[in-house]
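[1] just to be clear, the model below is a prediction. Sequence and coordinates:
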Amino acid sequence: MKINLKPLFVLLILVNGNLFAQNAIDARIIKVDYNKTAGKLNTMFKECVGAGRANEGLRADWQQQLAMTKKECDFKYIRMHGLLSDDMAVYREDAKGNPEYNYQYIDVLYDFLLSIKVKPFVELGFMPSAMASGKETIFWWKGNVTPPKDYKKWEDLIRNLTQHFTERYGADEVKTWYFEVWNEPNLSPGFWTGTQAEYFKLYEHAARGIKSVNPAYKVGGPATAGAAWVPETIEFCAKNKVPLDFISTHTYGVNQGYLDEFGISGTVLSPDDNSVSGDVLNSRKQITNSAMPNLELHYTEWSSSYTPADPIHDSYHSAAYILHKLKQSGNAANSMSYWVFTDIFEEPGPRFTPFHGGFGLLNTQGIKKPAYFSYSFMNKLGDTELQNKDTSSWAAKNKNGDVQLLFWDFTNTHPGAKVWNQTYYVQDLPSKEKGKVKIEVDGLQKGKYVVEIYKVGYKVNDAYAAYLALNKPSQLTIQQVNTIKTKNNGAPIITEKITVDAKGTFNREFKINENDVILVNLIRQ
């Protein structure tokens, strides 16, 4: 019988040698040099973000929240369901069965997006009921998930819509968009009542409709759940000479299931350190080994959990989780679109409480959750990355001579498979100490600097903790909303002036707890 003594040895050190254990924890040092760069910062994290459905984008509060999020997080694209669903009034047929098209609702939405410099990542779905072959729907708002009764009418609609976009916004603008065919067709029942072959038929007709307007427009898919169908999609398109400009798919960081339409099932955060990022890296590998090795890869949905009622979305644990997964994913994806930016999201129907585990970076009232600050902090990073051996941080600089260091601790504190997220993350969960982080920035220009320090963690920019302290009211007063917003606004927790001498070095030591996120911004005066 073989005995592995290593874990036992570590345990003895931890129990009997506090000093050694403390030294091991204290050993985290982040050392960077202003003059040692690693190239342009990869900003795949802010290329795209998700939203629930197109019709919600006609709401004033949704638009106000997106405008703020654009300003502070700078997402370039937005993707949402339901562009072709009946509540967007896109398609009907006259008494003789002739198509009638109407894009007035889409125009209002897309005009707004472009006015705040957000481009649409156009998800083509769901099926207009007048074109649908069946009555099966998904969600409270009843998106039809059946194949078209006539694929020519489907292709004609997509062609006509693409032509409309071209006339309204110009070919040069539409060339920068992405057209994604459908959503999660591998979930049947769920998002598609047809087979894989029928999805490929749907895709082919949509792709040909788009390319007939302009061959330079970008079309892709399969927008699958669980990183599925990537090799099959490429093989189908290569074999049948069907246009394919990018692969899109989805991944979530929980262990079981892919679809929780009404937010009623329990979930468990995956203990696998490679959850989410493992899928992303594998998809890139599948593309590299395919007949189309240079395709772009877009993860058009990702998050810690796929259910709209998972309190991890509201928890301070989410901020470090997001950074951890994005850093692990490296350069494998062209975009990682977080699902979603706001809790104004009605897949399970309108929500009845201000915090309910919704997907959003913001809650319904526009209160910033800890997850929001992951993105607003990343957006403060300069455009040149600095060489950095620490795997839980980014270091960057900008043209003004400023340096930013964003670092975190991600610790999965979830107790395991027997406890649901829905029970665990609703509690008050104080974070334990994780020792110290020493940062050293060398090669700085001599002179005066302002140091800004930002933080997210337990009870710091932790809106859910503030909500818990109010005993979780089912409705918030205006005063309560304003108090929570003011206390959790992401402003620097410390601002001070320093002088860097001729040595050009800045040192600082930080105590860090589990799932803390800290941003140090050195601003040259």
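    Sure, I can see it.
[2] look up how far residue 328 lies from residue 274.
    Noted for residue 274: a distance of 7 Å to residue 328, by Cβ to Cβ, to the nearest Å. C-beta coordinates here come from the backbone N, C-alpha and C atoms, glycine included.
[3] out of these two, which sits in the busier spot?
    The residue with the greater number of neighbours, taking residue 274 and residue 328 and applying other Cβ atoms under 10 Å, is residue 328; the counts read 19 against 13.
[4] from what I can see the more buried one touches residue 275, true?
    No: taking Cβ atoms under 8 Å as the definition, residue 328 is not a contact partner of residue 275, at 9.5 Å.
[5] mind listing the helices for the stretch 201-350 of the chain?
    In order along the chain, the stretch 201-350 of the chain carries the following helices (DSSP state H, counting those that start in this stretch): 230-240, 277-288, 317-329.
[6] pull out the buried positions in the second one.
    Judged by neighbour count (16 or more other Cβ atoms under 10 Å), helix 277-288 contains these buried residues: 277-281, 283-284, 286-287.
[7] elements contacting it?
    Here helix 277-288 touches helix 230-240, strand 246-252, strand 296-303, helix 317-329, going by 3 or more Cβ pairs under 8 Å, 6 or more residues apart in numbering; DSSP states H and E.
[8] output those as TSV; include the columns mean pLDDT.
    Listed next are the helices and strands packed on helix 277-288 as TSV, based on pLDDT from 0 to 100:
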stretch	mean pLDDT
helix 230-240	98
strand 246-252	98
strand 296-303	98
helix 317-329	98
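[9] of all the ones you listed, which one comes closest to residue 267?
    When these are ranked by proximity to residue 267, the top entry is strand 246-252, at 8.7 Å, counting by Cβ to Cβ.
[10] any idea of the angle the closest one forms with helix 277-288?
    Between the direction of strand 246-252 and that of helix 277-288, the angle (axes from the mean of the first three to the mean of the last three Cα atoms, to 10 degrees) works out to 160 degrees.
[11] residue contacts, residue 379?
    Listed by Cβ atoms under 8 Å, 6 or more residues apart in numbering, the contact set of residue 379 reads 46, 72-74.
[12] now it: how far from residue 68?
    Between residue 379 and residue 68 the distance, using Cβ to Cβ, works out to 12 Å.
[13] next step: the contacts of residue 379 restricted to helices.
    Using DSSP state H, the subset of the contacts of residue 379 located in helices is 72-73.
[14] for residue 307, give me phi and psi.
    phi -110, psi 140 (degrees, to the nearest 10).
[15] on that earlier part again, export the helices of the stretch 201-350 of the chain as JSON lines, with columns for distance to residue 222.
    Rendered in JSON lines, the data for the helices of the stretch 201-350 of the chain read as follows (distance: least, Cβ to Cβ, whole Å):
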{"stretch": "helix 230-240", "distance to residue 222": "5"}
{"stretch": "helix 277-288", "distance to residue 222": "11"}
{"stretch": "helix 317-329", "distance to residue 222": "20"}
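[16] run a quick neighbour tally on residue 127.
    The number of residues packed around residue 127, counting by other Cβ under 10 Å, is 28.
[17] contact partners for it?
    The neighbourhood of residue 127, defined by Cβ under 8 Å, 6+ apart, consists of 84, 144-148.
[18] list just the nearest of those residues to residue 507.
    residue 84 (56.7 Å).
[19] all strands of the stretch 301-450 of the chain, in order?
    Listed from the start of the chain, the stretch 301-450 of the chain has strands (DSSP state E, counting those that start in this stretch) covering 335-338, 384-386, 393-397, 403-408, 433-442, 447-456.
[20] so for residue 248, which of these sits nearest?
    Of these, nearest to residue 248 by Cβ to Cβ is strand 335-338, at 8.9 Å.
[21] other SSEs contacting the closest one?
    With contacts defined as 3+ Cβ pairs under 8 Å, 6+ apart, the secondary structure elements packing on strand 335-338 are strand 48-53, strand 77-81, strand 296-303, helix 317-329.
[22] and that strand, how far out from the chain middle?
    Chain-centre distance of strand 335-338: 4 Å, with Cα atoms, centre = their mean, to the nearest Å.
[23] give me the contacts around it.
    By Cβ under 8 Å, 6+ apart, the surrounding residues in contact with strand 335-338 are 44-45, 47-50, 77, 79, 121, 280, 298-303, 322, 326, 329, 361, 371, 375.
[24] recalculate using a threshold of 7 Å.
    Outside strand 335-338, the residues that touch it by Cβ atoms under 7 Å, 6 or more residues apart in numbering are 44-45, 47-50, 79, 298-303, 326, 329.
[25] what's the answer for stretch 63-76, then?
    Applying Cβ under 7 Å, 6+ apart, the set of residues contacting stretch 63-76 from outside is 46-49, 112, 116-119, 341-342, 344, 361-362, 366, 375-376, 379.
[26] so for that stretch, what's the average pLDDT?
    Averaged across stretch 63-76, pLDDT comes to 98.
[27] residue contacts, residue 517?
    With contact taken as Cβ under 7 Å, 6+ apart, residue 517 is in contact with 319-320, 323, 373-374, 377, 408, 455-457.
[28] one more time with 6 Å, if that's ok
    The neighbours of residue 517, taking Cβ atoms under 6 Å, 6 or more residues apart in numbering as the test, are 319-320, 408, 456.
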